[in-house]
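# coords please:
(chains A, B and C)
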Amino acid sequence: MKYIDEYRGERIVRSLAGQIARHARRPWQLMEICGGQTHTIMRYGLDELLPENIRLVHGPGCPVCVTPLEMVDKGIEIASRPGVTFVSYGDMLRVPGSRLDLFRVKAAGGDVRIVYSPMDAVKLARDRRDRRVVFFGIGFETTAPANAMAVWEARREGLSNFSMLVSLALTTPAIRLLLSSPKNLVQGFIGPGHVCTVTGYQEYESLSRDFQAPIVVAGFEPLDLLEAVSMLVKQLEEGRAEVENQYVRSVSYEGNVAAQRFVESVFEVSDRKWRGIGTIPGSGLRLRPEFARFDAEEVFDVGDFAAEEPAECISAEVLQGLKRPTDCPLFAGGCTPESPRGAPMVSAEGACAAYYHYRRHAAPGECSC
Amino acid sequence: MLTLSCAMPPAARDQVLLGHGSGGKMSSDLVRDVFLAAFHNPVLDRLDDQALVEINGVRLAFTTDSFVVKPLFFPGGDIGSLAVHGTVNDLAVGGARPLFISAAFILEEGFPLETLRRVVASLQRAAESAGVQVVTGDTKVVEKGSGDGLFINTSGLGLVAEDVRLSASRARPGDRVLLSGAIGDHGIAILAQREGLEFESTIRSDSAPLHTLAAAMLAASAGIRCMRDPTRGGLASTLNELAAQSHAGIEIDERAIPVREEVRGACELLGLDPLYVANEGKLAAIVEPAAAERVLAAMRHHTLGREAAIIGTVTEAHPGLVTMRTTVGPTRVVDMLAGDQLPRIC
Amino acid sequence: MCLAVPGKILETEQRDGNRIAKVQFGGIARQVYLNFVPEAQVGDYVMVHVGFAISRVDAGEAARTYRLLESMGLAEGEPGGAEPE
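Now for the predicted structure:
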């Protein structure tokens, strides 16, 4: 497949690894923000190709993992109501709420469905006027334009039976928070290539400057990630702290302006709670007042939920890159994908799930990453 | 190892979920905890795809299967032909010559008779091609809303020659792992039709009877340790089962595993791993090293084995675990999935 | 986050005010909304996320940067090029 296969070529991947090994004289700690990049690293074992002195930690870039527990509970509550067809991306089905998950709601008779695109949810609403179709609109900046279009289209067609449970988060404020933490040990960042495809990377310039940290926007194939690591190491060794773009085939400085404008016409910025981290000001999106009738929280009046995370789950520290999944006392014992204690064990690209699926045979501490 | 009480109340844990039918870890846990615990006996405990029993010196393979596929009709087959192929294949991988099957139909009230006739006709055609007879059956009707239109349960009976002794427990470090062809066709053919995930594809299910392929392999060499047909849960689940049952490790090479372009495209789009996608006309075999090339040649000689490949090796390292050398070099674990693999956007 | 896949635009049409394309991914094709990439044409590659094109693949940039990597890869393959563990 074009623009995929050639970025998985072994020879170039190995020579990039060699280049990194030659340039990396000092120890460096790097973070990839995006869960999809974590997935690629673990699935191909890319961290094993890096020299010992380069350590990769994994950031909070998993919209599934950071969806607040209360939001999952709200979704479950709505999905359990009669006459509701609850539609979601596949990622959310197994995420544990306080008591249940969407799969169990389905087992109890709820009409819970998986779609690939939010427009498929709109189609369901169009075809089944007798059902109240609710779409679980999770995602980061990458997914916001599509979610916005779904609401726009529903309004255009007058689909009064459609609403969206909005759980959209913005990554840049989260990155800023990570960088400002006194516990932060990360020296260089691999930027989320698909978020930046939409947003561009101009916002990273002030981040890079304020915290003196190099940021390289990267794609998602093995070659992209290794090239980005190589670029970061080079900057760090040379004492530079700039923003660079590795993912030139998809990302431009300004990003997709048409998509950005469209998002602004449907959503507005709000404060938002991140599961495991807490409230980050200005880090979420909510529907503008003129779209209130498509806001599932308004339509269903679910009220407020107070939810408590299991005390033993260290996902907060894992999401901030302060601990490894293997540092958790529950890892692979009390917390597994079949009975997860926290979201990063359930999401396909949560750090804990990735470690569990791809790396479990390495004893804690033995992991070469 | 810490055991802590689960955050979820007992009621939520004491239910059957869709994941229990996925062929992954939840399925095997259910089998172990509920069925084996109740039924256990030496034949069942071997947990092969078929039961090998002996009556008055005659060796018979006996299997049962149920078919709940939706949609009922899909490119490359339907629930009727699938029912024959699935049953025949469970017998075939035990080295049996399939002879007789039963077919029991559970029909939902209101199900169109015309559709039933189509399914039955297809089932009969598949049985004829496979050289098996439907010798007994049953019909039940359930109230509207209690079933999914049509379920078919089968059982199958076949003869196993005296010198054929296949078992996962015979696998030894150094043995080679062979695969009869490209993976993921069936699962993707089904998914292409699924509401909310539809896409255009020419992919057809690989649903096919494997008994003549298996027979050709057994005729080529006595060095075959065991065979399996990777169905739901995909090749990864089957290899994990083999690793567990043989108490050995399995190492495979991603570069050796054939995958059709369409299956790759669909998997990339939906974020799926072909290793976990269902097949209905593929065979995996563990073969002693000296016999591997000969068996491979016999497979490639057969229409259902043209793309056969040696994909890995049995190892004494990491018993019970399957690892894979990835296309870019490093090795990673190929885990058993908990439940169904789900499409993802992240 | 953000599984986006490159696909080739095979055909486009207008439907209800939206520009929709049939995009090919490996051997399969799916309907994709082009609202956010109005400049994309038949034959172009676009990055697709949840049924929407979010960028047009810059073929020129991709080729240029890939060629650089390739030549580095060939150079590294020569004796004396360091190999990692």
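# wait, what's in contact with the residue of the stretch 51-200 of chain A found nearest chain C?
Residue nearest to chain C within the stretch 51-200 of chain A (Cβ to the nearest Cβ): A:Ser117, separated by 2.9 Å. (C-beta placed from N, C-alpha, C; glycine too.) With contact taken as Cβ atoms under 8 Å, 6 or more residues apart in numbering or on different chains, A:Ser117 is in contact with A:Ala146, C:Val50, C:Gly51, C:Phe52.
# how about C:Thr12, secondary structure?
Counting by DSSP: H, G, I helix; E, B strand; the rest coil, the backbone at C:Thr12 sits in strand.
# That one: what's it in contact with?
C:Thr12 touches C:Arg19, C:Ile20, C:Ala21, C:Lys22, C:Leu34, C:Gln41, C:Val42, counting by Cβ under 8 Å, 6+ apart.
# change it to 10 Å
C:Arg19, C:Ile20, C:Ala21, C:Lys22, C:Val23, C:Val32, C:Leu34, C:Ala40, C:Gln41, C:Val42 (Cβ atoms under 10 Å, 6 or more residues apart in numbering or on different chains).
# Now do the fourth one against B:Glu200, distance only.
Taking Cβ to Cβ, to the nearest Å as the measure, C:Lys22 and B:Glu200 are separated by 7 Å.
# next one: the first one
Plainly put, C:Arg19 is 18 Å away from B:Glu200 if you go by Cβ to Cβ.
# before we move on, what about A:Asp91?
24 Å.
# the more surrounded of these two?
A:Asp91 (30 against 15; other Cβ atoms under 10 Å in any protein chain shown).
# Quick check: phi and psi at the more buried one.
Per-residue torsions, A:Asp91: phi -50, psi -30 (degrees, to the nearest 10).
# does whichever residue of the stretch 201-346 of chain B sits closest to chain C count as helix, strand or coil?
Nearest to chain C, among the residues of the stretch 201-346 of chain B, is B:Gly265, at 2.5 Å (Cβ to the nearest Cβ). Secondary structure assignment for B:Gly265 (three-state DSSP): helix.
# List the contacts of the closest residue to it other than its chain neighbours.
The shortest distance from B:Gly265 to any non-neighbouring residue, by Cβ to Cβ, 6 or more residues apart in numbering or on different chains, is to C:Gly26 (2.5 Å). For C:Gly26, the contacting residues are A:1-2, A:4-5, B:201, B:259-269, C:5, C:7, by Cβ under 10 Å, 6+ apart.
# near chain B, which residues of the stretch 101-250 of chain A?
Applying Cβ under 10 Å from any Cβ of the partner chain, one finds that the stretch 101-250 of chain A approaches chain B through A:101, A:103-104, A:106-108, A:113-118, A:120-121, A:123-124, A:127, A:138-140, A:142-143, A:146, A:194, A:221-223, A:226.
# burial of residue 53, as a residue count?
As the question left the chain open, I've gone with chain A. 13.
# The chain in question should be chain C.
Count around C:Ala53 with other Cβ under 10 Å applied: 28.
# Need the phi and psi values for it.
phi -80, psi 130.
# Restricted to helices, list the contacts of C:Gly26.
Secondary structure from DSSP state H places B:Glu261, B:Glu262, B:Val263, B:Arg264, B:Gly265, B:Ala266, B:Cys267, B:Glu268, B:Leu269 of these in helices.
# What about the closest residue to the fourth one other than its chain neighbours? Give its phi and psi, please.
Same thing as B:Arg264. Closest residue to B:Arg264 apart from its sequence neighbours, by Cβ to Cβ, 6+ apart: C:Gly26 at 4.7 Å. Per-residue torsions, C:Gly26: phi 60, psi -130 (degrees, to the nearest 10).
# Quickly list what's touching both of C:Lys22 and B:Glu200.
Contact criterion Cβ under 10 Å, 6+ apart; residues shared by C:Lys22 and B:Glu200: C:Leu10, C:Ala29, C:Arg30, C:Gln31.
# Could you report the pLDDT at the second one?
So the one you mean is C:Ala29. In the predicted model, C:Ala29 carries a pLDDT score of 94.
# The helix or strand where A:Tyr204 lies and chain C in contact?
For A:Tyr204, the element it lies in under DSSP states H and E is helix A:203-211. No: using Cβ under 10 Å from any Cβ, helix A:203-211 stays clear of chain C, coming no nearer than 16.4 Å.
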